[in-house]
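Visitor: Any chance you can model this:
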Amino acid sequence: MAAADDRPVWAVRMRSERDARGWSQADAVRAMRAKSSHNLPTDSTLLRNWRRWESGESRPDEFYAPIIAAAFDTVTAAFFPKSRPNRDDELLAATGMDTLEFIGRLRMSDVSAATLEAIRITAERLCCEYPYTDPHELHVEGTNWLRRITSLLDGRLTLSQHREVLELAGWVALLVGCVDYDLGRRTTAEATRRAARSLGHEAEHPEIVGWSAEMAAWFALTQGNYRGAIEAADPGLADCGSFGVGVQLAAQRAKAWARIGDRREVDAALSTGRAILDGLHHPADLDNHFVVDPQKFDFYAMDCCRVAGEDKLAETYARQVIADATRADGSVRNPMRVSEAHLTLAVVAVRQRDLELAVDEGVRAFSGKRRSLPSLMWIAGEVAREIIERFPGDPRTRTYLDQLRALSPE
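Guide: Numbers count the residues shown, from 1 in each chain. So this is what the prediction gives:
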């Protein structure tokens with residue numbers, strides 16, 4: 001994939017990240033040296049290499065790529081992404097059963113290996129459809145499958161089957177809880193989250209328990225309870241430091257500290273998340289909502305930089321988030337991330353006294369069909385405060401506020 005000037009995307013990003021920090025190429029080389037635990041060549045050699053990399057003439061190898069990513073406070077796989085694997089859209093076909101046959105086997109309590117495999121594939125499919133599927137439709141299907149899966153617990157299962165059914169029910173319950181919250185159903189979402197946590201404990205599955213803690217932190221954040229978000233994230237982070245959910249917990253912690261105003265804690269939380277992410281294998285399927293893909297680290301950093309007032313970096317991250325979430329044909333892979341990126345661009349614009357652009361970016365953020373209402377209202381509300389502070393009587397401010405009110409549930 002190449003940018004408009006025909007350089008590889010990573011080469012374009014090296015330049016944009018450097019410019020956002022006001023660095024010369026020599027400054028970037030010094031940052032590499034500061035972040036490296038290895039003995040590096042002389043500055044003149046590194047500078048020649050940097051020029052070749054930034055021009056797209058050569059790609060950094062496995063030794064240099066992590067050092068470059070660390071110099072820009074991100075992770076290797078986000079800066080130098082691997083090709084996305086192809087996912088079979090017909091997940092159920094892998095079992096050799098069609099949907100009607102599969103449901104029939106569930107009704108007969110025929111809990112064979114093939115039946116469990118079909119449930120596993122279905123749970124994976126549902127989690128992969130989270131970013132783009134209509135939330136009402138996904139909620140109906142997820143709830144129906146959760147009932148089918150938990151009904152198996154009433155039948156005769158081996159110990160290993162019992163644990164696996166609990167695990168699969170836990171993942172689907174997490175998904176349903178997320179969709180509940182997206183739709184603004186706070187009470188139901190919290191009940192479902194607690195059910196997922198209980199299933200995770202019973203299945204002795206730390207990741208499910210960790211994601212239930214991450215959801216609690218997310219709920220607290222979007223409701224303005226920043227200390228509560230930190231308290232929800234900390235225990236999960238202690239138990240899930242080797243899992244992808246640990247990255248997400250660290251990110252929620254960073255977002256909370258950013259709004260409290262403690263930059264040292266923000267940097268510490270992001271560093272924790274980055275270290276966990278760098279230690280994980282590259283995920284086989286990036287579409288699953290409960291898989292933390294490397295590109296999401298830029299999404300976390302974007303939020304923290306925007307709140308901290310680091311506008312140039314926030315803008316750079318926002319444009320990278322939009323690029324990563326957009327397919328070659330122009331369709332959007334992660335519309336909710338893109339919406340928050342446009343809101344970040346709106347904040348940058350209003351701080352630069354460009355209200356016209358700010359309102360335009362805000363309205364673009366509201367236009368997405370797939371949205372998480374609490375998250376969108378939370379960030380959009382932060383944008384509103386920035387606009388009101390600078391342009392309190394402008395008719396365009398009223399336009400933005402009217403659009404924001406139109407999002408509110410009736």
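
Visitor: so where's the stretch 251-400 of the chain uncertain?
Guide: Residues of the stretch 251-400 of the chain that meet the criterion pLDDT under 70 lie in 284.

Visitor: Quick check, central residue of this protein?
Guide: residue 296 (4.5 Å; C-alpha atoms, centre = their mean).

Visitor: mind checking how far stretch 270-287 is from the chain centre?
Guide: How far stretch 270-287 lies from its chain's middle: 11 Å, per C-alpha atoms, centre = their mean, to the nearest Å.

Visitor: Now it: buried residues?
Guide: 270, 272, 273, 274, 276, 277, 278, 280, 283, 286, 287 (16 or more other C-beta atoms under 10 Å). C-beta here means a position set from N, CA and C on the backbone, and glycine is covered the same way.

Visitor: Same check on stretch 48-59?
Guide: For stretch 48-59, by 16+ other C-beta under 10 Å, it's 49, 50, 53, 54, 56.

Visitor: need those in JSON lines with pLDDT, distance to residue 11 and secondary structure, can you?
Guide: Formatted as JSON lines, the buried residues of stretch 48-59 follow (pLDDT from 0 to 100; distance: C-beta to C-beta, whole Å; DSSP: H, G, I helix; E, B strand; the rest coil):
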{"residue": "49", "pLDDT": "91", "distance to residue 11": "13", "secondary structure": "helix"}
{"residue": "50", "pLDDT": "93", "distance to residue 11": "11", "secondary structure": "helix"}
{"residue": "53", "pLDDT": "93", "distance to residue 11": "6", "secondary structure": "helix"}
{"residue": "54", "pLDDT": "91", "distance to residue 11": "6", "secondary structure": "helix"}
{"residue": "56", "pLDDT": "88", "distance to residue 11": "4", "secondary structure": "coil"}
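
Visitor: So which of those residues is the closest to residue 249?
Guide: residue 53 (33.2 Å; C-beta to C-beta).

Visitor: Do a quick rundown of the helices in the stretch 251-400 of the chain.
Guide: Along the stretch 251-400 of the chain, counting by DSSP state H, counting those that start in this stretch, helices occupy 263-278, 296-308, 311-324, 335-351, 355-366, 373-390, 395-407.

Visitor: Show me the one of those that comes nearest residue 21.
Guide: Closest among these, using C-beta to C-beta: helix 311-324, at 7.1 Å.

Visitor: that older thread, now render the helices of the stretch 251-400 of the chain as JSON lines, adding distance to residue 170.
Guide: Below are the helices of the stretch 251-400 of the chain laid out as JSON lines (distance: least, C-beta to C-beta, whole Å):
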{"stretch": "helix 263-278", "distance to residue 170": "21"}
{"stretch": "helix 296-308", "distance to residue 170": "22"}
{"stretch": "helix 311-324", "distance to residue 170": "29"}
{"stretch": "helix 335-351", "distance to residue 170": "23"}
{"stretch": "helix 355-366", "distance to residue 170": "32"}
{"stretch": "helix 373-390", "distance to residue 170": "23"}
{"stretch": "helix 395-407", "distance to residue 170": "31"}
